[in-house]
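Undergrad: Next one to model:
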Amino acid sequence: MLQVPYDQLAPTKPFSGVTRGSANPLGQVRLPVTFSTRDHYRTELIDFDVARIDLPYNAILGYPALAKFMAAAHPGYNVIKMPGSGGIISVAGDTRDAVRVLKIMFKAVAALRPSTRDASKAPEAAPVKKKQLFSQDQAKTKQVPVDDGGLGPTVTIGTGLPSEQEEELIGFLWGNKDVFAWEASDLVGVPRDVIEHHLMVCPNAHPVKQKARWQAQEKQTFIVQEVRKLQGAGVILEVRHPDWLPNPVIVPKKGGSRCQNR
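TA: Residues are numbered from 1 along each chain as shown. Predicted coordinates:
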């Protein structure tokens, strides 16, 4: 177990998600963490919150630490993988120790819950209702055309607006309708330094080719239509990646329509 003097701890804030409720740490310390095999290694500086918690762990690496290592966890195989100095580092967990820790956690959770006998005597609590951020009246919307003929594109606005605000909003949309991209072809001419982005891929990471997934006929037709629409507008170009290829994913929108995520 690591011993850290109190005078080396920096001030920090309370955290939650590890134990029941929030925990007030004694302080924070930055320590180097190294994952290594016989041929590869990876070291990163990780900030640890030091706290007295009743868990059978000496240290817990959360999502920020895994993101810093660019690590991928595989719970089914009890292993994590990350890029190292010369290849992929695979860290396998101890199955016996993992089962032992799970049993301790299950016992701790069972001790916090009331027993079956006590629960049968206690009156049933009323189900907690979800807090609604918007009422049904506030959620009603309507379509408003942005041209004189009413046959062009439309925008969605709320029906609960006062008449003066609604007229002012519609007037603003009418006066700035050329700013919106109604079709894929409207994106042509936008500066690339405004809309272009790139993936921060580690140069030592091995590219991965996903296995092709079969789509339903309806989804496949929608994907082909969207791809051809973007190709015709010159927004995307065909590039062949034999070693790195993601599958298209269709994401349903709140209004019932769909969009394609690549």
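Undergrad: residues touching Val18, list them.
TA: Counting by C-beta atoms under 8 Å, 6 or more residues apart in numbering, Val18 touches Ile53, Leu55, Ile60. All C-beta spots, glycine's among them, are computed from the backbone N, C-alpha and C.
Undergrad: Leu102 versus the residue nearest to the spatial centre of the chain, what's the distance?
TA: The centroid of the chain falls nearest to Tyr63 when counting by C-alpha atoms, centre = their mean (11.2 Å). Per C-beta to C-beta, to the nearest Å, Tyr63 is found 20 Å from Leu102.
Undergrad: Just the buried residues of the contacts of Val18.
TA: Among the contacts of Val18, none counts as buried by neighbour count (16 or more other C-beta atoms under 10 Å).
Undergrad: Least confident of the residues you listed?
TA: Ranked by pLDDT, the contacts of Val18 bottom out at Leu55, which has 74.
Undergrad: Am I right that it is in contact with Arg20?
TA: No: using C-beta atoms under 8 Å, Leu55 is not in contact with Arg20; the gap is 10.8 Å.
Undergrad: Dump stretch 80-87 to CSV, restricted to CA.
TA: What follows is stretch 80-87, C-alpha atoms only, in CSV (Å, rounded to 0.1, in the frame of the first residue of the first chain):
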residue,chain,number,x,y,z
ILE,A,80,-7.5,-4.1,-20.8
LYS,A,81,-5.5,-3.1,-23.8
MET,A,82,-3.6,0.1,-24.7
PRO,A,83,-1.0,1.3,-27.1
GLY,A,84,2.6,1.1,-25.8
SER,A,85,6.1,2.2,-26.8
GLY,A,86,6.3,-0.4,-29.5
GLY,A,87,3.0,-2.2,-29.7
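Undergrad: mean confidence score for that stretch?
TA: Computed over stretch 80-87, the average pLDDT equals 86.
Undergrad: Pull out the buried residues from it.
TA: Buried residues in stretch 80-87 (16+ other C-beta under 10 Å): Ile80, Lys81, Met82, Pro83, Gly84.
Undergrad: Enumerate every residue touching the last one.
TA: For Gly84, the contact set (C-beta under 8 Å, 6+ apart) comprises Phe35, Ser36, Thr37, His40, Tyr41, Arg42, Asn204.
Undergrad: The closest residue to it other than its chain neighbours: neighbour count?
TA: For Gly84, ignoring the flanking residues on the chain, the nearest one in space by C-beta to C-beta, 6 or more residues apart in numbering is His40 at 3.3 Å. His40 has 17 neighbouring residues, counting by other C-beta atoms under 10 Å.
Undergrad: repeat for Phe69
TA: Counted with other C-beta under 10 Å, the neighbours of Phe69 add up to 22.
Undergrad: In contact with it, which residues?
TA: Residues near Phe69 by C-beta under 8 Å, 6+ apart: Phe35, Arg42, Glu44, Met82.
Undergrad: Give me the pLDDT for it.
TA: On the pLDDT scale, Phe69 gets 89.
Undergrad: can you map out the helices along the stretch 51-200 of the chain?
TA: Listed in chain order, the helices of the stretch 51-200 of the chain (DSSP state H, counting those that start in this stretch) span 63-69, 95-112, 116-121, 136-139, 163-175, 192-195.
Undergrad: could the buried residues of stretch 80-87 be laid out in JSON lines, adding distance to Gly27?
TA: Output for the buried residues of stretch 80-87, formatted as JSON lines (distance: C-beta to C-beta, whole Å):
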{"residue": "Ile80", "distance to Gly27": "27"}
{"residue": "Lys81", "distance to Gly27": "32"}
{"residue": "Met82", "distance to Gly27": "28"}
{"residue": "Pro83", "distance to Gly27": "31"}
{"residue": "Gly84", "distance to Gly27": "31"}
